[in-house]
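A.B. asks: with the input below, show me the fold.
(one chain, ligands or ions: 2)
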Amino acid sequence: MSAFLFISDIDNTFVGDDDALHRLQHQLNIHRQTYGTKIVYATGRSLYLYREIAQEKSLLLPDALITSVGTEIYFDPTQDQYDPDWAKLLSQGWERDKIEAIATQYSALSPQPSSEQNQFKISYYLAEEDAIEVIPNLRSDLSQTEYQTKLIYSGSQDLDILPSYGDKGLAVQYLREKWKVEPHKTVTCGDSGNDIALFQGEERGIIVGNAKAELRQWYFSHRKPHHYLADASYAGGILEGLKQFGFLE
Ligand code: GLC
Ligand code: MG
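C.D. replies: Ligands and ions are numbered 1, 2, ... in the order given. All right, here's what the predicted structure looks like:
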């Protein structure tokens with residue numbers, strides 16, 4: 001056994017089965033103390049909503065926290081200060097007000113609460129039946145501007161507009177380079193659309209058994225040998241995958 005970089009989405013991946021979560025946290029904590037394994041959460045939640053679930057579920061304090069679908073990185077989640085270097089990278093080709101004004105023209109988009117909006121993330125609720133039409137049209141409108149954006153649809157209900165340089169996967173690359181960890185010593189875990197970015201690199205990837213349709217579809221058409229679709233759900237699926245890849249015994 002040796003140190004690895006553990007990265008997991010929170011909702012319906014790390015959290016979802018309290019018993020399995022307890023077992024997983026116990027093992028990860030021992031691994032961190034013994035080998036120096038690093039623990040990172042990569043969530044769609046804002047820092048504010050992260051703190052709610054971290055307290056409710058007694059989550060281990062991470063070595064870094066990626067929030068808001070990769071648009072903010074915190075090295076100390078007990079402080080409110082996000083990493084300014086990451087923010088600087090995201091600001092290329094991004095003008096929030098102008099981009100928001102384009103999206104506002106679509107009546108099917110209804111804004112998420114203000115806690116879930118930030119400088120580099122514009123988030124809406126969008127019903128599945130409207131998504132088929134709205135997403136390609138909005139994408140085409142945005143591609144005709146000078147802005148560099150990306151649309152991510154998750155759980156058949158959430159639409160995030162992000163800078164092209166910001167998503168969970170790019171945030172992981174940034175941390176991996178900073179900490180000098182090899183891709184084969186890194187594992188990412190997820191269940192939904194905003195986690196697809198976590199599986200774009202060479203890192204080992206665990207898709208939990210309860211994954212949503214959009215991620216399953218992605219898996220069946222894009223999977224690589226370093227991706228593993230677990231039988232078990234939530235943290236049970238993560239434990240299964242960590243053993244499969246030899247990160248845990
Ligand atoms: C989380 C965030 C929300 C986002 C969703 C999908 O639920 O709170 O803003 O749209 O993840 O990425
Ligand atoms: Mg999730």
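A.B. asks: contacts only, for the residue of the chain found nearest ligand 1.
C.D. replies: Going by CB to the nearest ligand atom, ligand 1 is nearest to residue 44 of the chain, at 2.2 Å. Where C-beta positions appear, they are placed from N, C-alpha and C, glycine not excepted. Contact analysis of residue 44 by CB atoms under 8 Å, 6 or more residues apart in numbering lists 9, 11, 68-69, 154, 158, 160, 194.
A.B. asks: do you know how far residue 206 is from residue 129?
C.D. replies: 31 Å (CB to CB, to the nearest Å).
A.B. asks: what does this protein have sitting close to ligand 2?
C.D. replies: 9, 11-12, 191-192 (CB under 5 Å from the ion).
A.B. asks: rerun at 6 Å
C.D. replies: 9, 11-13, 191-192 (CB under 6 Å from the ion).
A.B. asks: which residues of the chain lie near ligand 1?
C.D. replies: 44-45, 49, 69, 112, 116, 123, 154, 158, 160, 194 (CB under 6 Å from any ligand atom).
A.B. asks: what is the nearest of those residues to residue 166?
C.D. replies: residue 69 (7.6 Å; CB to CB).
A.B. asks: hmm, residue 170 and the closest one touching each other?
C.D. replies: No. The criterion here is CB atoms under 8 Å, and residue 69 misses it with residue 170 at 10.7 Å.
A.B. asks: between those two, who's got more neighbours?
C.D. replies: residue 69 (30 against 21; other CB atoms under 10 Å).
A.B. asks: select the longest helix from the protein.
C.D. replies: Longest helix in the chain, counting residues (DSSP state H): helix 18-35.
A.B. asks: what residues does that one touch?
C.D. replies: 1-4, 6, 14-15, 37-39, 57-60, 232, 234-236, 238-239, 242, 248.
A.B. asks: cutoff 6 Å now
C.D. replies: By CB atoms under 6 Å, 6 or more residues apart in numbering, the residues outside helix 18-35 that reach it are 2-3, 37, 39, 60, 234-236, 238-239, 248.
A.B. asks: sitting in strands, which of those residues do you find?
C.D. replies: Of the positions in the contacts of helix 18-35, residue 39 sit in strands, assigned by DSSP state E.
A.B. asks: only the buried subset of the contacts of helix 18-35, as a ChimeraX command please.
C.D. replies: A single ChimeraX command is used to select the members of the contacts of helix 18-35 judged buried by 16 or more other CB atoms under 10 Å:
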select :37,39,60,234,235,236,238,239,248
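A.B. asks: the helix or strand where residue 73 lies - what's its average pLDDT?
C.D. replies: Assigning secondary structure by DSSP states H and E places residue 73 in strand 72-74. The predicted model assigns strand 72-74 a mean pLDDT of 98.
A.B. asks: partners of that strand, with directions?
C.D. replies: According to DSSP bridges, strand 72-74 has the following sheet partners: strand 64-67 (antiparallel).
A.B. asks: can you pull out the residues in contact with the partner strand?
C.D. replies: 40-43, 46-47, 50, 73-75, 77, 171, 175.
A.B. asks: repeat that with 8 Å
C.D. replies: 7, 38, 40-43, 45-47, 50, 72-75, 77, 168, 171-172, 175.
A.B. asks: restrict that strand to CA atoms and write it as PDB.
C.D. replies: The C-alpha atoms that make up strand 64-67 are tabulated as PDB, following Å, rounded to 0.1, in the frame of the first residue of the first chain:
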ATOM      1  CA  ALA A  64      -8.400  20.500  -0.500                       C
ATOM      2  CA  LEU A  65     -11.900  21.200  -1.600                       C
ATOM      3  CA  ILE A  66     -13.200  21.800  -5.100                       C
ATOM      4  CA  THR A  67     -16.600  23.500  -5.000                       C
END
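A.B. asks: give the contact list for residue 61.
C.D. replies: Residue 61 touches 77-78, counting by CB under 8 Å, 6+ apart.
A.B. asks: related to what we said a few turns ago, next, format the residues of the chain next to ligand 1 as CSV and append distance to residue 146, pLDDT and secondary structure.
C.D. replies: Formatted as CSV, the residues of the chain next to ligand 1 follow (distance: CB to CB, whole Å; pLDDT from 0 to 100; DSSP: H, G, I helix; E, B strand; the rest coil):
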residue, distance to residue 146, pLDDT, secondary structure
44, 27, 97, coil
45, 30, 97, coil
49, 32, 97, helix
69, 23, 97, helix
112, 26, 98, coil
116, 26, 95, helix
123, 22, 98, strand
154, 27, 92, strand
158, 26, 96, strand
160, 20, 97, strand
194, 25, 95, helix
